[in-house]
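*Asks:* Provide a 3D model corresponding to the input given below.
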Amino acid sequence: MCGRYVSPEEAAIERVWNLTRGGGDPFTRNFNVAPTTRVPLLRRDPESGHLELTAARWGLIPVWWKEAKLPVHTINARSEEAATKAMWRNPLRQARCLMPAEGWYEWQKIERVDPETGEVKAKKQPHLIYRKGAQPFCFAGLMSSWTPPGQTDPLLSCSILTRAASPSVAAVHDRMPVVLPEAAHDAWFDPEITDAAKVMTIIRECAVHDFDHHAVSTRVNSPKNKDATLTEPIQE
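*Replies:* The predicted structure is shown next:
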C-alpha cells in the first residue's frame, strides 16, 4: 500500500508537465502527505481535452455514497481487484487521473536486539522510495466527483492504484503504487479506453519497475512532521 508520500510544489508540476493551473491556493511541496488531505491531481478537461492541475481529497468517495460517515480505507485501490469492486470499477473505466509525486514512504518489518536487555524486538523502519535520479513521477490514480447531501458543490477525491512490488522494492514491502511513465499518460487519460482489460494492459505493460530507496527517520510516522529532513537517509 501507499499511506504517505512526497508531493512536488506547484511550480515544479507546471514545469515538468508543461501546464498551468487556474485559480485557488497554490500547492506547496509536502514532504509527508497524509490520507484525507488536499493533494495535487492531473486530469484531462472533459470539454477542452487539455491537461489540467487541480486539487482533490486523498481518499476516494464514490459518486453513489449516501452515508454521513465518509468511507475509510480508500486511499489505495488494488489494481488486481479494481475492475470487479463496486468502489473502483466505474472510476477505472471512466475517471482515471494521475497524482504527481517525488517518492513515497513504506515501512519495512525488521527485528532489532535491545542493547540493554538482549531481547529481540519487532520494529517497523520507514523507507523513502523514489525514481532513480530522483525525478518527479506520477501515480496512476482513480477519481470521483461526489456531491455531499444537501450541498451543490461537488468534492473531487482520488485513490492510488497499487500492485505487487517489483524486485527493486520487494525487500521493503510486498505492495507498491502503480507508477506510469510519461509515455503512457495519454493512453491512461484516453476516454475511449473504457474496457477494464485494456486499462489493466496499460498497467501491466507500462508500469515503472526500477526504484531506489533508503531508510529515513521514524519522525515520518507522525503526519504533524512535514519538513524536508524527513527524506534524508539515516543509518539503520
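*Asks:* C-alpha only now, for contacts and for neighbours.
*Replies:* Will do.
*Asks:* Residue 112: what secondary structure?
*Replies:* The three-state assignment at residue 112 reads strand, by DSSP: H, G, I helix; E, B strand; the rest coil.
*Asks:* tell me the contacts of it?
*Replies:* By Cα atoms under 8 Å, 6 or more residues apart in numbering, the residues touching residue 112 are 120-123.
*Asks:* from those, which single one is nearest residue 44?
*Replies:* Among the contacts of residue 112, residue 123 lies closest to residue 44 (Cα to Cα), at 42.3 Å.
*Asks:* Just give the nearest non-adjacent residue to the closest one, would you?
*Replies:* Distances taken as Cα to Cα, 6 or more residues apart in numbering put residue 110 closest to residue 123, at 5.3 Å, once the chain neighbours are dropped.
*Asks:* what's the pLDDT at the one you found?
*Replies:* For residue 110, the model assigns a pLDDT of 89.
*Asks:* picking that back up, mind telling me the two of the contacts of residue 112 farthest from one another?
*Replies:* Of all pairs drawn from those, the greatest distance, 9.7 Å, lies between 120 and 123 (Cα to Cα).
*Asks:* Overlap of the contact sets of the two?
*Replies:* What both residue 120 and residue 123 touch, as defined by Cα under 8 Å, 6+ apart, is the set 111-112.
*Asks:* For burial, what's the neighbour tally of the nearest residue to residue 236 once chain neighbours are set aside?
*Replies:* Distances taken as Cα to Cα, 6+ apart put residue 215 closest to residue 236, at 6.7 Å, once the chain neighbours are dropped. Neighbours of residue 215 under the rule other Cα atoms under 10 Å: 21.
*Asks:* Can you show me the strands along this protein?
*Replies:* 4-7, 30-33, 38-44, 51-58, 76-78, 96-101, 103-113, 120-131, 137-146, 155-164, 175-177, 179-180, 211-215 (DSSP state E).
*Asks:* So for residue 84, which of these sits nearest?
*Replies:* strand 76-78 (10.7 Å).
*Asks:* now for that closest one, which elements pack on it?
*Replies:* strand 155-164 (3 or more Cα pairs under 8 Å, 6 or more residues apart in numbering; DSSP states H and E).
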